[in-house]
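take a look and give me a structure for this.
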Amino acid sequence: MSADIYEEMQEPADTELLRQYAEQDSESAFAALVTRHVNLVYSAAVRKTGNPHAAEEITQVVFIILAKKARTLRRETVLAGWLYQTARLTAANFLRSEIRRVRREQESSMQALSPETETEAWPQIEPLLDDAMGRLNEKERNAIVLRFFEGKSFQEIGATFGGSENAAKKRVVHGLEKLRKFFTKRGVTLSSVAIAGTISAHSVQAAPVALAKTVTIIAITKGAAASGSTLTLIKGALKIMAWTKMKIAVVAGVGILLAIGTTAIVVSKTEPLPPIKSQPNPNGYGDLVKAVTMLSGDNLNFNSTNLAQLQAVTAANAQALALARTGLSKECRVPLQFTQAYSEKHLNDLAGLKRLAQAFVTEGKTAELENRPNDAVKSYLDTVHLANESSRGGVFIDELVGIAIEGIASSQLTNLVNKLDAKSCRETAVALEVLDTQRQTWDDVAQQENAWSRRTFTGIRYDIQRMMEKKSMDDMYVAVKLKNQKYPKMTRQLSIQFAARAYSLDKGNPPESVDDLVPDYLKAVPIDPITGNKMVYAPK
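Modelled structure (predicted):
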């Protein structure tokens, strides 16, 4: 038996390390816990905030809270699950209380556009994952964290819960099924197997090398060495953790009030509902939905390098794409209906629109492999156009699907920046600029979501539910808004890249700033949707 294997077998359990720290103030035991779980905590924080700097501070906060609560945690506590939940709640609190600082830090980390390298499923799951995990009960969430975030076997999970391997499997399966249903209701249709594989591959990333040491030093002082902003975040996180524990009791109390017929519940007066906007006639959205029904094939793998397969799929979907382009030439608007039944039906439309986007990208990929880059650009630009029009007039879920479609198109366009001549680069930059001006505003999306929700879910029951779930709704609002800002910024940065490439080919040298591109290559300097400042040229 090798020394490495022997050491692994002798590795103390979380409960033992926590006991050593709680009873003996063992710094080495606490350092071992930090080293073991820092990647899990950091990944949850960076996924929720989208900001590595904020994630490092949140990671410090989580372990400071652990140091403070080490002596009061129940012995049966699953530490990995507790740390994940604490990270999720702390990050949510951070987003609410310090959104302006998040925006400033995002500015420094998002200057340069980088092509999407994740699998197709992960960009769709990532913005929803932590909210979905929050919907699981504690045992299901702990089982999912242990299995897919920490890579534990079913036997190890069963031992952690004091049960059998089979019981652990059932708990994981139940958790995955709940996640699948959560994603499906939000337009992300994946099997439980696909969800499990995607989470396993992407949910945990390595924290910065020095972070574990920094966290240990600050945490074992229980925050005495922490910065002012970190201390503020600790206080907020502890409050929100206390509120989470109280929530079940509060919900039960509301249920009792309703059961005995209490009517003295005062709901704050809301703003008058805006008038329902009329649908365009004809409505191009109908053509898009019809085009979906004409698609051939269940799995459009546009990442394939098999030209013959791509050509076959493109030919089979030629009529569907022609009809979709007809729809895009008309005014489009999501035909919202104010019934709960509509929600379930509309999810099928959204899943179909993502397949339609895949068909456009498959057409573009075919053109690329046939050495027709200009035709490929046209297909990808049509995909961006589809992202705009398929979400226009819709609610948050429509916007998220549109964002996912735009992300797919942007990643493909990025690959063509250095493959086009000056004229084609200039035309592409202008086309992206025009498409950007045609997108609906965030204020429109938020107003449409609010109006649809209030018209669809009426009565005292839903008024109470809105009050009880205000925190979750606020978190969702912030997450969708950040996504709504992130992808327009990527598209604007992409238009700068194409314009700068055209400038370089024409002038023989790159531009010194975006101002050099106006007005010959761009109509105006793009504005950063996050900061409101002019965007800068970041050559690669």
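
which residue packs closest to Q440, ignoring adjacent ones?
R392 (5.3 Å; C-beta to C-beta, 6 or more residues apart in numbering). In short, each C-beta sits where N, CA and C put it, glycine included.

just checking, what packs against the helix or strand containing K486?
Using DSSP states H and E, K486 maps to helix 470-507. When contacts are defined as 3 or more C-beta pairs under 8 Å, 6 or more residues apart in numbering; DSSP states H and E, helix 470-507 packs onto helix 79-97, helix 121-134, helix 396-414, helix 422-438, helix 442-456.

could those helices go into a markdown table alongside mean neighbour count, mean pLDDT and distance to D14?
Shown next, in a markdown table, are the helices and strands packed on helix 470-507 (neighbours: other C-beta atoms under 10 Å; pLDDT from 0 to 100; distance: least, C-beta to C-beta, whole Å):
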| stretch | mean neighbour count | mean pLDDT | distance to D14 |
| --- | --- | --- | --- |
| helix 79-97 | 24 | 84 | 4 |
| helix 121-134 | 20 | 82 | 20 |
| helix 396-414 | 24 | 89 | 36 |
| helix 422-438 | 18 | 95 | 49 |
| helix 442-456 | 17 | 88 | 41 |
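
quick one, which of those helices is nearest to R501?
helix 422-438 (4.6 Å; C-beta to C-beta).

domain map for the protein?
Following automatic domain parsing, one gets these domains for the chain: 11-250, 284-517.

who's in contact with A22?
Taking C-beta atoms under 8 Å, 6 or more residues apart in numbering, we find A22 in contact with A70, R71.

and it, which of the three is it?
helix (DSSP: H, G, I helix; E, B strand; the rest coil).

now swap in R333 and tell me
For R333, the assignment made with three-state DSSP gives coil.

read off the pLDDT value for the residue nearest to it when sequence neighbours are not counted.
What sits nearest to R333 in space, not counting adjacent residues and going by C-beta to C-beta, 6+ apart, is G393, at 3.8 Å. Here the pLDDT value assigned to G393 is 95.

cool, and T270?
49.

please apply the same query to S203.
56.

stretch 185-203: which residues count as buried?
R186, G187, V188, T189, L190, S192, I195, A196, T198, I199, H202, S203 (16 or more other C-beta atoms under 10 Å).

name the element the fourth one belongs to?
Spelled out, that is T189. T189 belongs to no helix or strand, assigned by DSSP H and E.

since we're on the closest residue to it other than its chain neighbours, how many residues are nearby?
Nearest residue to T189, sequence neighbours excluded (C-beta to C-beta, 6+ apart): A351, at 4.6 Å. Using other C-beta atoms under 10 Å, A351 is surrounded by 15 other residues.

ok, now G394?
25.

please apply the same query to D25.
For D25, the count of nearby residues is 12 (other C-beta under 10 Å).

for it, what are phi and psi?
phi 50, psi 40 (degrees, to the nearest 10).

how far away is it from K68?
13 Å (C-beta to C-beta, to the nearest Å).

then R135?
R135 sits 27 Å away from K68, taking C-beta to C-beta as the criterion.

and V172, by the same measure?
Relative to K68, V172 is positioned 31 Å away (C-beta to C-beta).

now the spatially most central residue of the chain: how far from L336?
With distances taken as C-alpha atoms, centre = their mean, P127 lies nearest the centre of the chain, 1.6 Å away. Using C-beta to C-beta, we find P127 at a distance of 22 Å from L336.

name the helix or strand for the residue nearest to I58 when sequence neighbours are not counted, please.
The shortest distance from I58 to any non-neighbouring residue, by C-beta to C-beta, 6+ apart, is to A45 (3.9 Å). Under the criterion of DSSP H and E, A45 resides in helix 27-49.

so which bits of the helix or strand just after that helix are buried?
Remark: after helix 27-49, the chain's next helix or strand is helix 52-69, criterion DSSP H and E. Neighbour counts over helix 52-69 (16+ other C-beta under 10 Å) mark 52-67, 69 as buried.

go on, stretch 306-322?
Those would be L310, V313, T314, A316, N317, A320, L321, for stretch 306-322 by 16+ other C-beta under 10 Å.

how near is the residue nearest to the fifth one when sequence neighbours are not counted to Q319?
This points to N317. Sequence neighbours aside, A359 is the residue nearest to N317 in space, at 4.7 Å (criterion: C-beta to C-beta, 6+ apart). According to C-beta to C-beta, A359 stands 11 Å off from Q319.

returning to that earlier point: pull the CA atoms of the helix holding A45 into CSV?
C-alpha atoms of helix 27-49 as CSV (Å, rounded to 0.1, in the frame of the first residue of the first chain):
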residue,chain,number,x,y,z
GLU,A,27,-5.7,26.1,13.8
SER,A,28,-4.3,23.2,11.7
ALA,A,29,-7.7,21.5,11.9
PHE,A,30,-9.5,24.6,10.7
ALA,A,31,-6.9,25.1,7.9
ALA,A,32,-7.6,21.5,6.8
LEU,A,33,-11.3,22.3,6.6
VAL,A,34,-10.7,25.4,4.6
THR,A,35,-8.3,23.6,2.2
ARG,A,36,-10.9,20.8,1.8
HIS,A,37,-13.9,23.0,1.0
VAL,A,38,-12.6,26.4,-0.3
ASN,A,39,-13.2,25.4,-3.9
LEU,A,40,-16.8,24.5,-3.2
VAL,A,41,-17.5,27.8,-1.4
TYR,A,42,-15.6,30.0,-3.9
SER,A,43,-17.4,28.4,-6.9
ALA,A,44,-20.9,28.9,-5.4
ALA,A,45,-20.0,32.6,-4.7
VAL,A,46,-18.4,33.3,-8.1
ARG,A,47,-21.4,31.6,-9.9
LYS,A,48,-23.9,33.7,-8.0
THR,A,49,-22.1,37.1,-8.3
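
ok, back up a step: the residue nearest to T189 contacts G187, correct?
Yes: with contact defined as C-beta atoms under 8 Å, A351 reaches G187; the gap is 6.4 Å.

tell me which of the buried residues of stretch 306-322 is nearest to S411?
L310 (16.9 Å).

then the helix or strand encompassing the closest one to PDB, C-alphas only?
Secondary structure from DSSP H and E places L310 in helix 307-316. Taking C-alpha atoms only, helix 307-316 is exported to PDB below (Å, rounded to 0.1, in the frame of the first residue of the first chain):
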ATOM      1  CA  LEU A 307     -19.400  18.400 -42.900                       C
ATOM      2  CA  ALA A 308     -21.700  15.800 -44.500                       C
ATOM      3  CA  GLN A 309     -23.900  15.600 -41.400                       C
ATOM      4  CA  LEU A 310     -24.000  19.400 -41.100                       C
ATOM      5  CA  GLN A 311     -25.000  19.700 -44.700                       C
ATOM      6  CA  ALA A 312     -27.800  17.100 -44.300                       C
ATOM      7  CA  VAL A 313     -29.200  18.900 -41.300                       C
ATOM      8  CA  THR A 314     -29.000  22.300 -43.000                       C
ATOM      9  CA  ALA A 315     -30.700  21.000 -46.100                       C
ATOM     10  CA  ALA A 316     -33.500  19.300 -44.100                       C
END
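
that helix packs against which elements?
Counting by 3+ C-beta pairs under 8 Å, 6+ apart, the packing neighbours recorded for helix 307-316 are helix 340-369.
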